[in-house]
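Asker: Let's see this in three dimensions:
(chains A, B, C and D)
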2 protein chains.
Amino acid sequence: MPKRVFIIDDDPSVRKGLARLIKSAGFHPEPLASAEGFLQKTRFNGPACLVLDVRMPGLSGIDLQKEMIKKGISLPVIFITGHGNIPMSVNAMKDGAVDFLPKPFDDTQLLSAIERAINKNIRMRKNLSEKEKIQRRIKLLTPREYDVLRWVITGRLNKQIAAKLGVTEKTVKVHRGRLMQKMQVKSVAELVVLTQKCEIGSPKR
Amino acid sequence: MPKRVFIIDDDPSVRKGLARLIKSAGFHPEPLASAEGFLQKTRFNGPACLVLDVRMPGLSGIDLQKEMIKKGISLPVIFITGHGNIPMSVNAMKDGAVDFLPKPFDDTQLLSAIERAINKNIRMRKNLSEKEKIQRRIKLLTPREYDVLRWVITGRLNKQIAAKLGVTEKTVKVHRGRLMQKMQVKSVAELVVLTQKCEIGSPKR
DNA sequence: TTGTAAATTGGACTTTGGTCCAATACGGAA
DNA sequence: TTCCGTATTGGACCAAAGTCCAATTTACAA
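Answerer: This is a model prediction of the structure:
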């Protein structure tokens, strides 16, 4: 899987230079002339990150970062800039930027930042996909099975759950057996570990 | 519980001014003339944070931050500086600083940073104390009970655990009952939730 | 040497959990 | 209307977990 590095800078010569450097380091550069152009993109299959010029006509790099946060796109960002200042860099870092490099910077500085950014993205993608896998299983549950699940992971006995739901213990056992199958676990311990990774609303009453 | 704000700056007039501002905002200022002076401190009972001048004779603010990381002291840091630059601020943020304010800054900027820092520290302290509470319970376990615990929270049956440990199922039940008491839980689900908060080495074999 | 804590096991039960087969009831989709 | 998925329950069992009382062995400290 190629590690894609989006290069967003309005200066063609900068794009070209960075693309060459990044390519030589074994990444897959994707030069783009504007932040708007990047926002058109919808496909984010593999590991990737952004190298982003702060100052650009139209949407600035900072604007793009904020826009991505708003839209829930979470690709690690590395800023580069010729005319930055401290508050700007601090805000970018607060918003989760991996690095903020004033020009001129060493090639090695940029490449090490890219390395960190890509690794971060890989970790995030792994977490996310596991979370989604679990969510998919939860969606297979019927409403009643979901009710039972929420009580089971808080350690209640079948008879207690039965009382809460106003049904017999027998019924709870059936639901419980089926939800364990659908969640693909063989023990309550495994079930708890799974559900801790997603947010499960705690049961009422 | 007073919210203590350590002010570390070599300039007495700055210390005085900041102390007044911070006091007026309802915090408890603790002015110190040097980073070395702060490192003497050992008592960190209540919520607190640091307002730290970057440039100082002897240990600089940056040095102090690194020293604290090395020693495992985790108080949120806010840097203030008259002569900073971007790489310095970025590195400070990477190392977990809450904010980095070049002089001159607005009072409100500093106060809002302090507010965030204190809240962060309160959350950290809460997490830490819960973790320690759990660790204390784990220390009550005999080696054998701890062995059993590690298998229980991975969802093994008593008979499986017995086989792993080379003892009878009966024995496992006894250990299991006692560890549940010592951990103060009534169900495997609760036990798993507790142990997820600390790191438990996964069992071998 | 004498405790003391830890580890181990047995017997005898009770309570819980889980499964198989079967059946009833309800509501929406074809 | 008919069929399917969901929810519910019963009976009959078996497996697993938990408890109470009692006993033996071992290692380490006073």
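
Asker: now check the strand or helix carrying A:Arg178, is it near DNA strand D?
Answerer: Using DSSP states H and E, A:Arg178 sits within helix A:169-182. Yes - contact of helix A:169-182 with DNA strand D (C-beta under 7 Å from any atom of the strand) involves A:Lys170, A:Thr171, A:Val174, A:His175. For glycine as for every other residue, the C-beta is placed from the backbone atoms N, C-alpha and C.

Asker: Spell out which parts of chain A neighbour chain B.
Answerer: Within chain A, the positions adjacent to chain B are A:84-87, A:89-90, A:93-94, A:99-100, A:102, A:152-156, A:185-193, A:196 by C-beta under 8 Å from any C-beta of the partner chain.

Asker: between the residues of helix A:169-182 next to DNA strand D, which is nearest DNA strand D?
Answerer: Nearest to DNA strand D among those, counting by C-beta to the nearest atom of the strand, is A:Thr171 at 3.3 Å.

Asker: list the contacts for the closest one?
Answerer: A:Thr171 makes contact with A:Ala162, A:Leu165, according to C-beta atoms under 8 Å, 6 or more residues apart in numbering or on different chains.

Asker: at 10 Å instead, please
Answerer: The neighbourhood of A:Thr171, defined by C-beta atoms under 10 Å, 6 or more residues apart in numbering or on different chains, consists of A:Arg144, A:Val148, A:Asn158, A:Ile161, A:Ala162, A:Leu165.

Asker: If you average the pLDDT over stretch A:77-91, what comes out?
Answerer: Here stretch A:77-91 scores 97 as its mean pLDDT.

Asker: If you count neighbours, what's buried in that stretch?
Answerer: Under the neighbour-count criterion of 16 or more other C-beta atoms under 10 Å in any protein chain shown, stretch A:77-91 has A:Val77, A:Ile78, A:Phe79, A:Ile80, A:Thr81, A:Gly84, A:Ile86, A:Met88, A:Ser89, A:Val90, A:Asn91 buried.

Asker: Low-confidence ranges, chain A, go.
Answerer: Within chain A, the segments meeting pLDDT under 70 span A:205.

Asker: need the helices for it, in chain order.
Answerer: A:12-24, A:35-40, A:61-71, A:86-94, A:107-139, A:143-152, A:158-165, A:169-182, A:188-197 (DSSP state H).

Asker: which of the buried residues of stretch A:77-91 lies closest to B:Arg43?
Answerer: Nearest to B:Arg43 out of the buried residues of stretch A:77-91 is A:Val90 (C-beta to C-beta; 30.8 Å).

Asker: From DNA strand D, how far out is the residue of chain A positioned farthest from its centre?
Answerer: For chain A, the C-alpha farthest from the mean C-alpha position belongs to A:Thr168; by C-alpha atoms, centre = their mean, that distance is 42.0 Å. Computed with C-beta to the nearest atom of the strand, to the nearest Å, the distance linking A:Thr168 and DNA strand D is 4 Å.

Asker: Tell me who's in contact with that residue.
Answerer: Going by C-beta under 10 Å, 6+ apart, A:Thr168 touches A:Asn158, A:Lys159, A:Ala162, A:Val174.

Asker: what's the farthest-apart pair in the residues you listed?
Answerer: So, the contacts of A:Thr168 by C-beta to C-beta: farthest apart are A:Lys159 and A:Val174, at 14.3 Å.

Asker: Excluding sequence neighbours, find me the nearest residue to the most centrally placed residue in chain A.
Answerer: Centroid-nearest residue in chain A, with C-alpha atoms, centre = their mean: A:Met124, separated by 4.7 Å. Residue nearest to A:Met124 in three dimensions, not counting chain neighbours: A:Ser74, with 6.3 Å by C-beta to C-beta, 6 or more residues apart in numbering or on different chains.

Asker: Pull the contacting residues for the one you found.
Answerer: Contacts of A:Ser74 (C-beta under 10 Å, 6+ apart): A:Phe44, A:Met68, A:Gly96, A:Lys120, A:Asn121, A:Met124, A:Arg125, A:Leu128.

Asker: In terms of neighbours, single out the busier of A:Lys159 and A:Val174.
Answerer: A:Val174 (14 against 11; other C-beta atoms under 10 Å in any protein chain shown).

Asker: OK, contacts around that one?
Answerer: A:Arg144, A:Glu145, A:Val148, A:Val167, A:Thr168.

Asker: Return the member of those residues nearest to B:Gly17.
Answerer: A:Val148 (61.3 Å).

Asker: how many neighbours does the nearest residue to the closest one once chain neighbours are set aside have?
Answerer: Leaving aside its sequence neighbours, A:Val148 sits nearest to A:His175 (C-beta to C-beta, 6+ apart; 4.4 Å). Per other C-beta under 10 Å, the neighbour tally for A:His175 reads 22.

Asker: returning to what we had before: now flag whichever of the contacts of A:Thr168 is closest to B:Ala113.
Answerer: Among these, A:Asn158 lies closest to B:Ala113 (C-beta to C-beta), at 51.5 Å.

Asker: Please determine how far the closest one is located from DNA strand C.
Answerer: Shown here: A:Asn158 relative to DNA strand C, a distance of 3 Å by C-beta to the nearest atom of the strand.

Asker: Let me know how buried A:Asn127 is, in neighbour terms.
Answerer: 11.

Asker: Am I right that it is in contact with A:Lys197?
Answerer: Yes - using C-beta atoms under 10 Å, A:Asn127 is in contact with A:Lys197, at 8.2 Å.

Asker: domains of chain A?
Answerer: Domain assignment for chain A by automatic domain parsing gives A:4-127, A:140-197.

Asker: As JSON lines, those domains with distance to B:Gly61 would be great.
Answerer: Output for these, formatted as JSON lines (distance: least, C-beta to C-beta, whole Å):
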{"stretch": "domain A:4-127", "distance to B:Gly61": "14"}
{"stretch": "domain A:140-197", "distance to B:Gly61": "38"}
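
Asker: Between those, which one is closest to B:Arg55.
Answerer: Closest to B:Arg55 of those is domain A:4-127 (C-beta to C-beta; 13.9 Å).

Asker: which residues does A:Ala163 contact?
Answerer: Contacts for A:Ala163 (C-beta under 10 Å, 6+ apart) come out as A:Arg156, A:Leu157, A:Glu169, A:Val172, A:Arg205.

Asker: before we move on, what about A:Met180?
Answerer: A:Met180 neighbours (C-beta under 10 Å, 6+ apart): A:Glu145, A:Val148, A:Leu149, A:Val152, A:Lys186, A:Ser187, A:Val188, A:Glu190, A:Leu191.

Asker: Great, nothing more from me.
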